[in-house]
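Q: Based on what follows, work out the 3D shape:
(2 chains)
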2 protein chains.
Amino acid sequence: MKYQLLYWPGIPGRGEFVRLALEEAGAVYRDVAREPGPDGGTGALLRLLAARHASRPPFAPPILIAGRQVIAQTANILLYLGARHRLAPADEAGRLWVHQLQLTVADLVAEVHDTHHPLGIGLYYEQQKAAARRRTAEFRRERLPKFLGYFEALLRRHPRDAPYVLGRRFCYADLSLFQIVTGLEYAFPRAFKAQARRYARLRSLAARIAGRPRIATYLASPRRIPFNEDGIFRHYPALQR
Amino acid sequence: MKYQLLYWPGIPGRGEFVRLALEEAGAVYRDVAREPGPDGGTGALLRLLAARHASRPPFAPPILIAGRQVIAQTANILLYLGARHRLAPADEAGRLWVHQLQLTVADLVAEVHDTHHPLGIGLYYEQQKAAARRRTAEFRRERLPKFLGYFEALLRRHPRDAPYVLGRRFCYADLSLFQIVTGLEYAFPRAFKAQARRYARLRSLAARIAGRPRIATYLASPRRIPFNEDGIFRHYPALQR
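A: Predicted coordinates:
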């Protein structure tokens, strides 16, 4: 099956969690809104979002088109891909557990976004800088350690040669944790460095994911969008301390 | 199967979405943290959250214990219950679609929470009132119409005698939309009333859900926790305009 991914071009954002899974699966896909021409670009995405007559219209990107299915919500797309590409356990309890981890990743992603947009997405960061400073201070002090401490504890229950969140078995939540770790290192290098020792297993997981053959190829390709200040993980000097 | 639900006692919160599904299913369940005695109360919930040695430790409530399975994340619990209690379509595409709607409900719930806690959950509302006013203004003006308009449009695609989000077939997302509508009416009565005409189908869905025999019995029982100012949907006079 050839997939179509639709997501805002120019930022890694939530689309990146889907991209990592597609790349690891070796799936053939079009990254539609990043293609030039009349069928690509943001226009393609906006047309799909405007098609309210569609049988299952998505609320927001990322959106995956798989044959006749149109699937939205990052974690939902990964639930679908996980079952099809052996990126999740086959049994129901295992599948729900990995999905549960992904939903916790999604909660963290939403909070990261709120660090630079605490007053809402309708204002620019520059218009809410003071509030962003306050929200980010709490995020660095309370929320970051809570989320990362949780995932680190999950990893530490396994021996060192079982580096993944499920132990020896790799799953799509590992890819998402890679994106979280690299994103947080980009956005908050100071805070991340200061707490680095606490997250030794998470960092080593991220390094291992970066070294997986298909992911390494992907990261070195132009298909990987660098972190930037339009995405979720943004580096703002004013939010570093 | 007898279920155990664990959620913060005293607030409807995210636990309420699970409670509504359990009640509609006619499931037998204990609402553990609301029970008195040494095995109940917040203590029971905190003990479960502290049990990091558990095989699949949850990050946060609500948590559903179903036999040997411990399942967390509201939408994930509903995915599980939906399949078992005929609260969702049996086919995979239909199941993913209802789950996708539930994840969009979850996004809305997170934004509702942010209206009174834009600077973070570590501060009281009273400590972030000015920021809450700004965030709420945008929420009422931009986000509320965007989310509710999306769900209303989904309902309007069906004829009037097909009142549910899937049409004639009822699913757990309808229960969640009921909770959203009643919660928003509680939190923002003015804004909701001003926009009420736009959401005729949503309001009629909510009324229909309230009239379902098991839900009506539940709503009249002490098991239903009233909305209050410790939960997600809070009514603050300062946030009404």
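
Q: Check which element follows the longest helix seen in chain A along the chain.
A: Using DSSP state H to define each element, chain A has its longest helix at helix A:92-116. Counting by DSSP states H and E, the element after helix A:92-116 in chain order, helix or strand, is helix A:129-138.

Q: State the mean pLDDT of the next helix or strand after that following helix.
A: Next along the chain after helix A:129-138, taking DSSP H and E as the criterion, comes helix A:144-156. Helix A:144-156 carries an average pLDDT of 97.

Q: is chain B contacted by helix A:144-156?
A: Yes - using CB under 8 Å from any CB of the partner chain, helix A:144-156 reaches chain B at A:147, A:150, A:153-154. All C-beta spots, glycine's among them, are computed from the backbone N, C-alpha and C.

Q: Also stretch A:103-112?
A: Yes - Stretch A:103-112 reaches chain B (CB under 8 Å from any CB) through A:103-104, A:107, A:110.

Q: Compute the mean per-residue pLDDT across that stretch, please.
A: Across stretch A:103-112, pLDDT averages out at 98.

Q: just the strands in chain A please.
A: With DSSP state E as the criterion, chain A has strands at A:2-6, A:28-31, A:63-66, A:69-72.

Q: Give me the contacts around the least confident helix or strand in chain A by mean pLDDT.
A: Within chain A, no helix or strand scores below helix A:189-194, which has a mean of 91 by mean pLDDT, DSSP states H and E. Outside of helix A:189-194, the residues within contact range by CB atoms under 8 Å, 6 or more residues apart in numbering or on different chains are A:140, A:144, A:184-185, A:235, A:240-241.

Q: Distance from that helix to the middle of the chain?
A: Taking CA atoms, centre = their mean, to the nearest Å, the mean C-alpha location of helix A:189-194 is offset from the chain mean by 20 Å.

Q: just stretch A:94-108 next, same as before
A: The answer for stretch A:94-108 is 12 Å, by CA atoms, centre = their mean.

Q: would CSV of the residues of stretch A:103-112 next to chain B with neighbour count be doable?
A: Converted to CSV, the residues of stretch A:103-112 next to chain B look like this (neighbours: other CB atoms under 10 Å in any protein chain shown):
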residue, neighbour count
A:L103, 26
A:T104, 22
A:D107, 17
A:A110, 16
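
Q: Take those residues and lay them out in a markdown table including distance to B:A72.
A: As requested, these are exported to a markdown table (distance: CB to CB, whole Å):
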| residue | distance to B:A72 |
| --- | --- |
| A:L103 | 8 |
| A:T104 | 8 |
| A:D107 | 11 |
| A:A110 | 17 |
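
Q: before we move on, the earlier item: of the strands of chain A, which approaches chain B most closely?
A: Of all these, it is strand A:69-72 that lies closest to chain B, at 5.5 Å by CB to the nearest CB.

Q: Note down every partner strand of the closest one and its orientation.
A: Using DSSP bridges, strand A:69-72 pairs in its sheet with strand A:63-66 (antiparallel).

Q: on that earlier part again, give the buried subset of the contacts of helix A:189-194 as a ChimeraX selection command.
A: Buried subset of the contacts of helix A:189-194, written as a ChimeraX selection, criterion 16 or more other CB atoms under 10 Å in any protein chain shown:
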select /A:140,144,184,185
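
Q: got JSON lines for the contacts of helix A:189-194, with distance to B:S55 too?
A: Converted to JSON lines, the contacts of helix A:189-194 look like this (distance: CB to CB, whole Å):
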{"residue": "A:R140", "distance to B:S55": "31"}
{"residue": "A:L144", "distance to B:S55": "26"}
{"residue": "A:L184", "distance to B:S55": "27"}
{"residue": "A:E185", "distance to B:S55": "30"}
{"residue": "A:H235", "distance to B:S55": "37"}
{"residue": "A:Q240", "distance to B:S55": "38"}
{"residue": "A:R241", "distance to B:S55": "39"}
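
Q: A:R30 - nearest residue in space that isn't next to it in sequence?
A: Nearest residue to A:R30 in three dimensions, chain neighbours excluded: A:Q4, at 4.9 Å (CB to CB, 6 or more residues apart in numbering or on different chains).

Q: Show me what the longest helix of chain A is packed against.
A: Contact partners of helix A:92-116 among helices and strands, from 3 or more CB pairs under 8 Å, 6 or more residues apart in numbering or on different chains; DSSP states H and E: helix A:74-84, helix A:129-138, helix A:144-156, helix A:172-187, strand B:69-72, helix B:74-84, helix B:92-116.

Q: let's see 7 Å
A: With contacts taken as 3 or more CB pairs under 7 Å, 6 or more residues apart in numbering or on different chains; DSSP states H and E, helix A:92-116 sits against helix A:74-84, helix A:129-138, helix A:172-187, strand B:69-72, helix B:74-84.

Q: Quick one: distance of the first one to the chain centre.
A: Taking CA atoms, centre = their mean, one finds the center of helix A:74-84 at 13 Å from the center of the full chain.

Q: go on, the fourth one?
A: Centre-to-centre, strand B:69-72 and its host chain are 18 Å apart (CA atoms, centre = their mean).
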